[in-house]
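1. Here is a sequence with its predicted model. Questions after.
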Amino acid sequence: MARSEGRAESASGVAAPLAYVPFRALALGRSLMLFGNGMAHVALAFAVLDATGSLAQVGLVVGARSAANVSLLLLGGVVADRLPRSLVLRGACVLAAGSQGFLALALLTGRASLPLMVVLSLVNGAAAAANLPAAAASTPQTVPRHLLRQANALIGVAKHAGNLSGMSIGGVVVGAAGAGWAIAVDASMFAAAGVAFLFLRVSEQGGPVERTSVLSDLREGWGEFTARTWVWVVVLQFMVVNAGWAAATTVLGPGIADETFGRTTWGLLMAVNSVGLLTGGVLAARWQPRRALLYGVALVSVQTVPFFALMGPSPLPLLFAAMFVAGVAVDQFIVAWEVSVQENVPQERLSRVYSYDAFGSFVAMPLGQIAVAPVAEGVGPDRALLLVACSTLSATLAAVAVPGVRALRRA
């Protein structure tokens, strides 16, 4: 485990992980990535709407990124368990910065065709497939075991602060200067994150790497993933939850915003959700119950509140409040999940378990994004949102009913 000057071995306060240089580098790098992605999250849907005027085309572009991400996640987990994770993170940042920079140039010069946007979304999704398992599995390498809860909460705060800033500024930039400039900032943030990861110097995971095939590594990771019922049950829950959230916030939400309260307000609504996530992270750093996983899984039901509010017409204060409480609730789950996985899965297999987690959690996202537009065009956005909300509640209740989820306790 890497060390840092001035560290007190017994420190266990909320800010204790900040005494570790590798932890600070990881938190900064992930925050920079989320700042850029926050701007791109607001900008991309409107860029496609400006170019094509079609919600269905928005679904294709954002769905292409998700499809590439999901299809390559398992390979990304194998790579992150075989190679130094800091090296994987730097390489993925270079790929992401290049793809987003090229997209920004195409938008700013008026040459952004639908096929080009789809291709660059695929490249960006591939970069994310390498980034996610490596970044998630790096946290236990940067702090002692007894600081995992605080470390994961602070990582969450850093990410959500970056996302909040990106979405807040992104809404303003898109409204004032256009989507191209927002995506250009996204590219520069990935480049800066790559520089931050140069300081992520930790000991290599596990012992000497045995030369095995990729398929053998995947089988070993699958065995670790399926060995714990609570792991795959929660992943199945989030297969539904994430598909619904992606459909609502990347397709239905921007469409409703264009027809009602406007693009800048939509960016601010998403930013308020990030404020809620940030607040939830601060609360989780200070306290969570011993049965933290059950507590977090149950709170995911609160994520449906914005869906009901968007069915409207709802006053803007209600929409902002709904986005905030949803964020607070969901980050309680995120911290509980991260600590549960990191405490129970061996470090040398952790990236692969995270890749199966992400694969299962994200696999339905592109389907949700692509399918929700024709559903909304057929039955209306309000009924499409009701379908999403009911699916989320059903999946959450099913997960809470599983004994393994209810019984798991923090170490």
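-> Here it is on my side, so go on.
2. Please report how far the nearest residue to Leu18 once chain neighbours are set aside lies from Arg30.
-> Nearest residue to Leu18, sequence neighbours excluded (CB to CB, 6 or more residues apart in numbering): Arg24, at 6.1 Å. For the C-beta atoms, the positions are set from N, CA and C on the backbone; glycine is no exception. Separation of Arg24 from Arg30 (CB to CB, to the nearest Å): 11 Å.
3. quick one, which of the two is more surrounded?
-> Arg30 (24 against 19; other CB atoms under 10 Å).
4. Contacts only, for that one.
-> Ala135, Ile155, Ala158, Lys159, Gly162, Ala193 (CB atoms under 8 Å, 6 or more residues apart in numbering).
5. What is the burial count for the third one?
-> Ala158 is surrounded by 22 other residues when neighbours are defined as other CB under 10 Å.
6. pretty sure it contacts Ser31?
-> Yes - the pair Ala158 / Ser31 is scored as a contact, 4.1 Å apart, by CB atoms under 8 Å.
7. what's the overlap in contacts for the two?
-> Contact criterion CB under 8 Å, 6+ apart; residues shared by Ala158 and Ser31: none found.
8. How is Arg90 assigned, secondary-structure-wise?
-> Following DSSP: H, G, I helix; E, B strand; the rest coil, we place Arg90 in the helix state.
9. what's the neighbour count on Arg286?
-> Using other CB under 10 Å, Arg286 is surrounded by 11 other residues.
10. tell me, how many neighbours does the residue lying closest to it once chain neighbours are set aside end up with?
-> Distance criterion CB to CB, 6+ apart; nearest residue to Arg286, sequence neighbours excluded, is Val14 at 6.2 Å. Residues within reach of Val14, counting by other CB under 10 Å, total 16.
11. Next, Val14: phi, psi?
-> Main-chain dihedrals, Val14, degrees, to the nearest 10: phi -60, psi -40.
12. Let me know the distance separating it from Val143.
-> 13 Å.
13. which residues does Glu338 contact?
-> Listed by CB under 8 Å, 6+ apart, the contact partners of Glu338 are Ala136, Thr139, Leu148, Asn152, Ile155.
14. just Pro374 next, same as before
-> By CB under 8 Å, 6+ apart, the contact list for Pro374 reads Ala56.
15. Report the secondary structure state of it.
-> helix.
16. Just the pLDDT at it, thanks.
-> Here, the pLDDT recorded for Pro374 equals 83.
17. Ala45 versus that one, what's the distance?
-> 17 Å.
18. cool, and Ala27?
-> Ala27 is 28 Å from Ala45, by CB to CB.
19. picking that back up, thinking the residue nearest to Leu18 is in contact with Ala15, fair?
-> No - at 11.0 Å, Arg24 does not count as touching Ala15 under the criterion of CB under 8 Å.
20. what's the nearest residue to Phe324 if we skip its chain neighbours?
-> Computed as CB to CB, 6+ apart, the closest residue to Phe324 that is not its neighbour in sequence is Gly276, at 4.1 Å.
21. what's the helix or strand for that neighbour?
-> In this structure, Gly276 sits in helix 263-286 according to DSSP states H and E.
22. Summarise which helices and strands that helix is packed against.
-> helix 21-52, helix 148-176, helix 253-259, helix 316-344 (3 or more CB pairs under 8 Å, 6 or more residues apart in numbering; DSSP states H and E).
23. Could you check the angle the first one makes with helix 148-176?
-> Taking axes from the mean of the first three to the mean of the last three CA atoms, to 10 degrees, one finds that helix 21-52 is oriented at 30 degrees with respect to helix 148-176.
24. next one: the helix or strand that helix 21-52 is followed by to chain centre, how far?
-> Using DSSP H and E, the helix or strand that follows helix 21-52 in sequence is helix 55-82. Chain-centre distance of helix 55-82: 12 Å, with CA atoms, centre = their mean, to the nearest Å.
25. Helix 55-82 to helix 21-52, inter-axis angle?
-> Using the same axes, to 10 degrees, helix 55-82 lies at 160 degrees relative to helix 21-52.
26. Name the residues of helix 55-82 that are buried.
-> Of all the residues in helix 55-82, those buried under the rule 16 or more other CB atoms under 10 Å are 55, 57-82.
27. coming back round to it: from what I see, the residue nearest to Arg286 and Leu283 are in contact.
-> No - taking contacts as CB under 8 Å, Val14 lies outside contact range of Leu283: 10.5 Å.
28. Any regions of the stretch 151-300 of the chain where pLDDT drops low?
-> For the stretch 151-300 of the chain, the stretches flagged by pLDDT under 70 are 204-211.
29. ok, now with 50
-> Filtered on pLDDT under 50, the stretch 151-300 of the chain yields the residue ranges 207-208.
30. Would you mind pulling the contact partners of stretch 219-229?
-> Around stretch 219-229, the neighbours that count as contacts under CB under 8 Å, 6+ apart are 74, 77-78, 81, 212, 231-232, 344-346, 349, 352-353, 355-357, 402, 404.
31. change it to 6 Å
-> Residues from elsewhere that reach stretch 219-229 (CB atoms under 6 Å, 6 or more residues apart in numbering): Trp232, Arg349, Arg352, Val353, Tyr356, Gly404.
32. With adjacent residues omitted, what lies nearest to Ala309?
-> Per CB to CB, 6+ apart, closest to Ala309 is Ala322, 4.0 Å.
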